[in-house]
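> Let me see the structure of the following:
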Amino acid sequence: MSTEIDAPQPDGVTTLTPRARQDFVETDNVKAVAKRALAYLNAGFSVHFRGPAGTGKTTLALHTAAQLGRPTVMITGDEEMVTSNLVGAQQGYNYRKVVDKFIHTVMKVEETADRRWADHRLTTACREGYTLIYDEFTRSRAEANNVLLSVLEEGLLVLPAQNQEEPYIKVHPDFRVIFTSNPQEYAGVHDAQDALGDRIVTLDIQHADRELEIAVAAARSGLGQSKVAPIVDLVREFRDTGEYDQTPTLRTSIMIARMVAQEKLKPSVDDPYFVLVCLDALGSKSTFTGKADGQRKQQQKLLLNLIQHHCPAPIRRGAAKPTKRPDMSGRKPVPAMAVEEPV
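Prediction:
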């Protein structure tokens, strides 16, 4: 999903106009989720895409927002987020100075300074009926998101006391919110309040199936699906082993595939550069501390084993057939096959 950035509004808020991207892959599963989410939004509900990293939550949010046909504003949850970041605040000053010289021997000077109220993205979206994408909203503290409760239930946005001229605004009937969050993340994440969760529809997004991962990796790298399939299978089987600290996702497959396309590598175990790229992309998913040389070597052997299985060297005429691959069903690293470790 690509986006066009519109001109800033009078209040300084810039909107996005999502456009369908040429490499967006829409399988039957993606269509089903997007159709269900769009139905909830059209019924007046807010939607929450919840899933681990690399499952395409933000892309799906932008895709769904595009189907609504309304301008979109986007915010990202943050530890430092406060209500004023969503709603608005007093910003700057308006100065007014009057010099009265009606009598030449007397000079009268009047000077006043008034602060100016500036809407932020939530307020602008509520006024104009825009679609608000609140990405990773659980990274913001619950108290910062309390302002959304009356917006989603009563259709009223209560403004801070500083804005004395307008205590609240009525939410535009076309206003919608699409939330995303990662329940598996542990750093910088807060629990969402039950009151907010009760006002939104949550759709759980899981890792893509093999068909979708191959299609997406091929579209994002420019490689044919036949060349991308072994790379995707390599990453997926490594994900199944559990021998990592950070889950290898579809982004890892795209990373390797793009390097193969850019550097014109041969996705084979007999291409040392390709092997190193795989080790860089997959080996970085584990954090080794202290005296972990043995663990590092075990993981490298496991990865080399997987690379040889999924990206074997072409069988040359007269060469011996490859031996049967050892059992990979367990979580313990498999002893290395006869593969020369790159220097």
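> before we move on, which element is the most centrally placed residue in the chain in?
In the chain, the residue lying closest to the centroid (C-alpha atoms, centre = their mean) is Thr58, at 4.3 Å. Under the criterion of DSSP states H and E, Thr58 resides in helix 57-68.
> Please name every helix or strand in contact with that helix.
When contacts are defined as 3 or more C-beta pairs under 8 Å, 6 or more residues apart in numbering; DSSP states H and E, helix 57-68 sits against strand 16-19, helix 28-42, strand 46-50, strand 72-76, strand 131-135, strand 176-181. In this view, the C-beta of every residue, glycine as well, is placed from N, C-alpha and C.
> Dump these into a markdown table; add mean pLDDT, distance to Ala281 and mean neighbour count as well.
Shown next, in a markdown table, are the helices and strands packed on helix 57-68 (pLDDT from 0 to 100; distance: least, C-beta to C-beta, whole Å; neighbours: other C-beta atoms under 10 Å):
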| stretch | mean pLDDT | distance to Ala281 | mean neighbour count |
| --- | --- | --- | --- |
| strand 16-19 | 65 | 29 | 18 |
| helix 28-42 | 91 | 25 | 15 |
| strand 46-50 | 95 | 26 | 22 |
| strand 72-76 | 92 | 25 | 20 |
| strand 131-135 | 94 | 25 | 24 |
| strand 176-181 | 94 | 24 | 25 |
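> Serialize these to JSON lines and add fields for distance to Val201.
Compiled in JSON lines, the helices and strands packed on helix 57-68 are given as follows (distance: least, C-beta to C-beta, whole Å):
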{"stretch": "strand 16-19", "distance to Val201": "20"}
{"stretch": "helix 28-42", "distance to Val201": "5"}
{"stretch": "strand 46-50", "distance to Val201": "5"}
{"stretch": "strand 72-76", "distance to Val201": "19"}
{"stretch": "strand 131-135", "distance to Val201": "14"}
{"stretch": "strand 176-181", "distance to Val201": "10"}
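> what's the closest of these to Arg121?
strand 72-76 (4.5 Å; C-beta to C-beta).
> Alpha carbons only: can I get the helix or strand that the closest one is followed by in CSV?
Sequence-wise, the next helix or strand downstream of strand 72-76 (DSSP H and E) is helix 83-87. Below are the C-alpha coordinates for helix 83-87, written out as CSV (Å, rounded to 0.1, in the frame of the first residue of the first chain):
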residue,chain,number,x,y,z
THR,A,83,-3.5,13.6,25.7
SER,A,84,-2.4,17.0,24.2
ASN,A,85,-0.4,15.1,21.6
LEU,A,86,-3.7,13.6,20.3
VAL,A,87,-6.1,16.5,20.9
